[in-house]
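Visitor: sequence and predicted structure below; questions after.
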Amino acid sequence: MAIRYRITKRSNTIANNKKPQYILQAVNTGTIDLRRISEEISTESSLSIPDVMSVIIALGIKMQQHLEDGKILDLGELGKFKIGFQGKAADVASELTPKRSIKKFHLNYQPSLSMKHRLKKAITVYKEGSRSKG
C-alpha cells in the first residue's frame, strides 16, 4: 500500500509577503463503494454480500439518528464521530439564536487508538507519474 502525492503551487493568503509556496498534496486513487466493501467483507467472513450491505446501511441510518440526538458514536476500531457546527459570534449572548447563528453543521471524526498508531508509522508514498512506489 502506498499513498500517491503531487507537488502543488499555492499562494499563502495569511502571510504578509503572499509569496507562492509549494506543498505535497495527497492524490486519491479512486473510490470504493458499498458494494465493493460488502464483497470484500463477505469473502473474509461467513456473511453474504446482501447481509453485509444491510448491516452497513443500517449502521448509517443509526449513526444519523444518534448523531442528530447529540450523541458521540464510539465505533471501536473505526473511531469516534460527533456532530459539530460553525457559528457566527455576537457581542451580546441574547443575540445568539440557533436559526441565525449556526452557519452549517459538520461531522467530526477522531480515529481509534490503533488507527492513530498506524497513521504515526511511516506510510509509503510515491510521486504521481512515477513508476516506483516508495
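Guide: Noted; the coordinates are in hand.

Visitor: list the helices and strands the lengthiest helix in the chain packs on?
Guide: Longest helix in the chain by number of residues (criterion: DSSP state H): helix 49-68. If you count contacts as 3 or more C-beta pairs under 8 Å, 6 or more residues apart in numbering; DSSP states H and E, helix 49-68 packs onto helix 34-43, strand 73-74, strand 80-87. C-betas here are computed from N, CA, C, even on glycine.

Visitor: can you tell me which of these is nearest to Leu119?
Guide: Nearest to Leu119 among these is strand 80-87; the distance by C-beta to C-beta comes to 15.0 Å.

Visitor: show the average pLDDT along that closest one.
Guide: Across strand 80-87, pLDDT averages out at 94.

Visitor: tell me the contacts of Tyr5?
Guide: By C-beta atoms under 8 Å, 6 or more residues apart in numbering, the contact list for Tyr5 reads 24-27, 125-128.

Visitor: what do you get if the cut-off is 6 Å, keeping everything else the same?
Guide: Tyr5 sits next to 24, 26, 125 when contact means C-beta atoms under 6 Å, 6 or more residues apart in numbering.

Visitor: how close does the most centrally placed residue in the chain get to Lys62?
Guide: Residue closest to the average C-alpha location in the chain (C-alpha atoms, centre = their mean): Tyr109, at 6.5 Å. Tyr109 is 17 Å from Lys62, where distance means C-beta to C-beta, to the nearest Å.

Visitor: give me the number of residues near Val52?
Guide: Neighbours of Val52 under the rule other C-beta atoms under 10 Å: 20.
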